[in-house]
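Novice: Dropping a prediction and its sequence here:
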Amino acid sequence: MSVVAVGAVRSCGVTTLTLALAATWPSSRRVLLAELDPAGGTLAAASGWPPEPGLVSLAAAARRGSDPELVWEHCHELADGTAVLAGPGSADQARSALGMLTGLLGRLGELDADVLVDCGRLAGASPNPVLSDADRVVLAARPRLVDLHALASFLETYPGLRQDPCLVLVGDGPYRDQEVAEALGVEVAARLPWDPDAATSLVSVPASARELRVAPLVRAARTLADQLSVDKTRTDTQERAETPPAAPSRIRVMRAWRADPAARSTNGSAPEEVSR
């Protein structure tokens, strides 16, 4: 089983992406969606769940022990039965709970489940232990120059990841996947479409339901979930981390990259957070 951390440098639908992955994760594998955004969660409000159980109640329970199995006692469920550890709406409460749960959250990989972590918006100056220790890191970004510049800066300055992240482009933009991959030196694993109706429905309707299973967002997320759920050994991950390929500075490449003025307009926008 593995921990997959999902985040973004600029807000572009991290919760929607994590939710879509959880909803389409292979049914043969148990999955937990953990909403660990320091800015606060949105899933409880979007789903009509009460404030507890959730991240705050888990933090209180963890004072008596740091067994990761405690997580299951503080989860809600999506329509398809997927367990969700929901974050509080308050940023202050979220940051306080996360600070109290550092030890337990560092052991999520011990659970007999694949854990999909919504890390929210990332800041290079504040290392995220879940992000740093995850088996896989998925970064979301709009394929637009300002967002890609911000991502390039983050990738250059972040204190360290156990492996190279993969990138998911969200919405339309003037750049092709291969262009972005070459400029940033990271794999573009998928492009998720702008599909606000499906994004809103995922909190209450199973992805397998007739009205959702052929939705563009769900179809793209299912393909990405199948790709991410394939096991890779920690040895392979560590070898890549220890012997990174030589590459030019991402920031220097991005500064030299100029968009075609005629292509700067876009045909769509990225899905926002579930309740933002």
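Specialist: Cool, the structure landed. A quick note: this is a predicted structure, and the numbers were derived from the prediction, not measured.

Novice: From now on I want contacts and neighbour counts done on CA atoms only, so please keep to that.
Specialist: Will do.

Novice: which stretches of the stretch 1-150 of the chain form helices?
Specialist: Along the stretch 1-150 of the chain, the stretches classed as helices by DSSP state H, counting those that start in this stretch are 14-24, 43-47, 55-61, 91-100, 102-105, 129-133, 145-157.

Novice: contact partners of the second one?
Specialist: Applying Cα atoms under 8 Å, 6 or more residues apart in numbering, the contact partners of helix 43-47 are 50-51, 86-89, 203-204, 274-275.

Novice: and Gln178, how many neighbours?
Specialist: Residue crowding around Gln178 was assessed by other Cα atoms under 10 Å; the count is 12.

Novice: I'd guess it is in a helix, am I close?
Specialist: Yes. The assignment for Gln178 (DSSP: H, G, I helix; E, B strand; the rest coil) places it in a helix.

Novice: In contact with the closest residue to it other than its chain neighbours, which residues?
Specialist: Of all residues not flanking Gln178 in the chain, Val188 sits nearest, at 7.5 Å (Cα to Cα, 6 or more residues apart in numbering). When contacts are counted by Cα under 8 Å, 6+ apart, Val188 touches 166-169, 177-178, 180-181.

Novice: circling back to that earlier point, in a markdown table: the helices of the stretch 1-150 of the chain, plus mean pLDDT and mean neighbour count.
Specialist: Shown next, in a markdown table, are the helices of the stretch 1-150 of the chain (pLDDT from 0 to 100; neighbours: other Cα atoms under 10 Å):
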| stretch | mean pLDDT | mean neighbour count |
| --- | --- | --- |
| helix 14-24 | 94 | 26 |
| helix 43-47 | 93 | 20 |
| helix 55-61 | 95 | 21 |
| helix 91-100 | 94 | 17 |
| helix 102-105 | 89 | 17 |
| helix 129-133 | 81 | 20 |
| helix 145-157 | 89 | 18 |
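
Novice: Those: which one's closest to Leu217?
Specialist: When these are ranked by proximity to Leu217, the top entry is helix 14-24, at 7.6 Å, counting by Cα to Cα.

Novice: I'd assumed Met1 was in contact with Gly109.
Specialist: Yes. Counting by Cα atoms under 8 Å, Met1 is a contact partner of Gly109 at 7.1 Å.

Novice: From the contacts of Val188, list the buried ones, please.
Specialist: By neighbour count, with 16 or more other Cα atoms under 10 Å, the contacts of Val188 hold 166-169, 177, 180 as buried.

Novice: All set now, cheers.
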